[in-house]
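[1] sequence plus the predicted model coming up.
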Amino acid sequence: MIGIQTAAGPSDTGVRRAPAVALRGVTKAFGPVQAVRGIDLEINQGEVVAFLGPNGAGKTTSIDLMLGLSQPTAGSVQVLGMQPREAVARGLVSAVMQTGGLLKDLTVRETAQYMASLFAASGDVDDALARAGISGIADRKVVKCSGGEQQRLRFALALLPDPALLLLDEPTTGMDVEGRREFWRAIREDAKQGRTVLFATHYLEEADQYADRIVLVRKGLVVADGSGAEIKALASGRTVRATWPQADTAALDAIGGVDSVEVRGDSVLVHTKDSDAVARWLLTNTPARDLEINAKGIEEAFLSLTGADGGDQS
Amino acid sequence: MSAVSQSLRIDPTTRKVPPFGGINPTLLAIEVRRMLRNRRTVVFALLFPVGMYFIFANQSYGDQLVGSGNVAAYILVNMALYGAALTAASIGSMVAMERAQGWSRQLRLTPLNPAAYIVVKALVALLMGGIVIALVNVIAASQGRAQMPTDVWVECAVVTVVCTLTFAALGVFIGYVVPGENAMQILGPGLAALSFLGGVFIPLTQYGEVMRQVAYWTPMYGVSEVARSPLTHELPWYALVNAVAWFAVFVAGAAWRMSKDTARV
């Protein structure tokens, strides 16, 4: 284990832990460009959160603010109850950045030793390499590592200080499928230890698969925040299909949350925000049978929430 | 619940900030190792000055007396200065390259602050300068022609190490002005030209009046007079002014270019 100071964690009875991340009314402008237009976000310790949004949504800008790499134009940013730079200096927050470069002429192990030496207390270098799955290439020069291997080295570097919060900015960009799977396997393995993880991504399936909570951002604003299932329901609702000849479409329409009702032969399709209510009504008040409830794919949810203006994609 | 209780194993209040802004011996050792692995640096900063020493010091005038030593010792100090200056410039030029590659952004994820990073580079320049000077001295001493009292020998070496900072700053400046890895292709020949002009390779007494007047204004002249002063017991005031002024100019130039390069740290 990396840098664990005490075998048993400190008691949490009655202690309100500072949130891992607290953004309050944060805006960030670059000249006339508003990259972040007012984000309020609180992430509790131990959560695995996806920051999902298209390019230019303000994800990287927000992460830069959480690391103290830039200052907000307005609002406050706190990490574990302190200023971001203070948290970085104490090794409490670390990150895998899109743009962080590595020195080509160092070996993988030297790079880790270099970074490890900078912290007041750092974990074992070989242990971090093992967690990132790159022990086998420890003596390889960075220049000879593939993109995926370099990314896993960045991940190992981020683990060195044993951070309470790990920020990942589009960590799998440029990786092939195998590399991506390996990378997430390592992240998931690590998150089991209860580290707070926030990752930015525009890969929808990544957010759905690996996060407990998805924060959807668009044009510098949080447009949705919830579990993958909640996000999907929120965006597009579900479709309830049932076999019910001569369905009473007027009665269905009257149920709260129903967007549209469609009859196809003996079947009826109900698009609704509240599939539970429709299903309950159908099963208790009508002869309808063979119920099927389908959620729209998160891809559709994502498009309708972040798309140009309103969910007008077909 | 298990996830939450495990997350609390990290108690933020127990975490400390490293001393000296993160500067530490491991870091310096890795930086020095990097430099020693760079063949071009070793060849130009070590073999070239040593070769020049052997060529010039073995001439008939090598045994003539200068100050408290001989001409071979005078040439030795000059060559050590040249080798150390070239090394320092190459270390300085790496600052811009490392920033361009995003390494400085990676370092911003650690407690090492940008000012400490520059201090590290300066320390590495001093360390590497010291290594080059020591090696040139040891090789020359084993040849046996250079003569000067031991304390003068040491004083010259120490003063030379300090003088190399000027060229570390020059390297930082040029590294920003000439992008990519081309900086050393300018700095290599450039420093050789400045060394000729400043009287490091050929004594200024060999030049005509006009050339000599020009030489007094060039950056190698001042530091070389300073580096040799323990041996020659001579240090014209304008040489000292030259050394301090060029140091200030290069530091200002480096700071100016670096401050321009703050778009995304």
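    That came in fine, so what should we check first? Residues are numbered from 1 along each chain as shown, chains lettered A, B, ... in the order given.
[2] all helices for the stretch 101-250 of chain B, in order.
    B:103-107, B:114-143, B:150-177, B:183-197, B:209-215, B:219-232, B:237-260 (DSSP state H, counting those that start in this stretch).
[3] show residues contacting the last one.
    Residues outside helix B:237-260 that contact it (CB atoms under 8 Å, 6 or more residues apart in numbering or on different chains): B:92, B:95-96, B:163, B:165-167, B:169-170, B:172-173, B:176-177, B:216-217, B:219, B:221-223, B:225-226. (Each C-beta comes from the backbone N, C-alpha and C, glycine too.)
[4] any stretches of chain B with poor pLDDT?
    B:1-9, B:180, B:262-265 (pLDDT under 70).
[5] give the contact list for whichever residue of the stretch 51-200 of chain A sits closest to chain B.
    Per CB to the nearest CB, the residue of the stretch 51-200 of chain A with the smallest distance to chain B is residue A:101, at 2.8 Å. Applying CB under 8 Å, 6+ apart to residue A:101 gives the contacts B:98, B:101, B:102, B:103, B:105, B:106.
[6] what's the answer for residue B:143, then?
    Listed by CB under 8 Å, 6+ apart, the contact partners of residue B:143 are B:54, B:57.
[7] distance of it relative to residue A:81?
    Residue B:143 sits 65 Å away from residue A:81, going by CB to CB, to the nearest Å.
[8] cool, and residue B:12?
    From residue B:12 to residue A:81 the distance is 7 Å (CB to CB).
[9] which neighbours do these two have in common?
    Common neighbours of residue B:12 and residue A:81 (CB under 8 Å, 6+ apart) are residue A:18.
[10] I'd assumed residue A:214 was in contact with residue A:228.
    Yes - with contacts counted by CB atoms under 8 Å, residue A:228 reaches residue A:214, the gap being 5.7 Å.
[11] how's chain A carved up into domains?
    A:21-232, A:238-295 (automatic domain parsing).
[12] what about the longest one, start to end distance?
    To tie it back to what came earlier, the one meant is domain A:21-232. 24 Å (CA to CA, to the nearest Å).
[13] name the residues of stretch B:13-25 that are buried.
    Buried residues in stretch B:13-25, counted by 16 or more other CB atoms under 10 Å in any protein chain shown: B:15, B:18, B:21, B:22, B:23, B:24.
[14] coming back round to it: rebuild the contacts of residue A:101 as JSON lines, extending it with distance to chain A.
    Conversion of the contacts of residue A:101 to JSON lines gives the following (distance: CB to the nearest CB, whole Å):
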{"residue": "B:98", "distance to chain A": "7"}
{"residue": "B:101", "distance to chain A": "4"}
{"residue": "B:102", "distance to chain A": "3"}
{"residue": "B:103", "distance to chain A": "5"}
{"residue": "B:105", "distance to chain A": "5"}
{"residue": "B:106", "distance to chain A": "4"}
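[15] let's have those residues in JSON lines, adding neighbour count.
    Formatted as JSON lines, the contacts of residue A:101 follow (neighbours: other CB atoms under 10 Å in any protein chain shown):
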{"residue": "B:98", "neighbour count": "19"}
{"residue": "B:101", "neighbour count": "17"}
{"residue": "B:102", "neighbour count": "18"}
{"residue": "B:103", "neighbour count": "22"}
{"residue": "B:105", "neighbour count": "20"}
{"residue": "B:106", "neighbour count": "23"}
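[16] wait, which of those residues is closest to residue A:74?
    Checking the contacts of residue A:101 against residue A:74 with CB to CB, the nearest one is residue B:105 at 24.6 Å.
[17] go ahead and confirm the closest one touches residue A:98.
    No - using CB under 8 Å as the test, residue B:105 is too far from residue A:98 to be in contact (9.8 Å).
[18] just give the nearest non-adjacent residue to residue A:159, would you?
    Using CB to CB, 6 or more residues apart in numbering or on different chains and skipping the chain neighbours, the partner closest in space to residue A:159 is residue A:128 (4.6 Å).
[19] try residue B:177
    residue B:257 (6.8 Å).
[20] next, residue 95: phi, psi?
    All of this refers to chain A. phi -150, psi 150 (degrees, to the nearest 10).
[21] near chain B, which residues of the stretch 151-300 of chain A are found?
    Residues of the stretch 151-300 of chain A lying near chain B by CB under 8 Å from any CB of the partner chain: A:154, A:157, A:158, A:161, A:162, A:163, A:164, A:192, A:193, A:194, A:195, A:196.
[22] make JSON lines from these and add secondary structure, pLDDT and neighbour count to it.
    Formatted as JSON lines, those follow (DSSP: H, G, I helix; E, B strand; the rest coil; pLDDT from 0 to 100; neighbours: other CB atoms under 10 Å in any protein chain shown):
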{"residue": "A:154", "secondary structure": "helix", "pLDDT": "93", "neighbour count": "25"}
{"residue": "A:157", "secondary structure": "helix", "pLDDT": "95", "neighbour count": "26"}
{"residue": "A:158", "secondary structure": "helix", "pLDDT": "94", "neighbour count": "24"}
{"residue": "A:161", "secondary structure": "coil", "pLDDT": "93", "neighbour count": "28"}
{"residue": "A:162", "secondary structure": "coil", "pLDDT": "92", "neighbour count": "23"}
{"residue": "A:163", "secondary structure": "coil", "pLDDT": "94", "neighbour count": "27"}
{"residue": "A:164", "secondary structure": "coil", "pLDDT": "93", "neighbour count": "28"}
{"residue": "A:192", "secondary structure": "coil", "pLDDT": "82", "neighbour count": "10"}
{"residue": "A:193", "secondary structure": "coil", "pLDDT": "81", "neighbour count": "17"}
{"residue": "A:194", "secondary structure": "coil", "pLDDT": "79", "neighbour count": "21"}
{"residue": "A:195", "secondary structure": "coil", "pLDDT": "90", "neighbour count": "24"}
{"residue": "A:196", "secondary structure": "strand", "pLDDT": "93", "neighbour count": "25"}
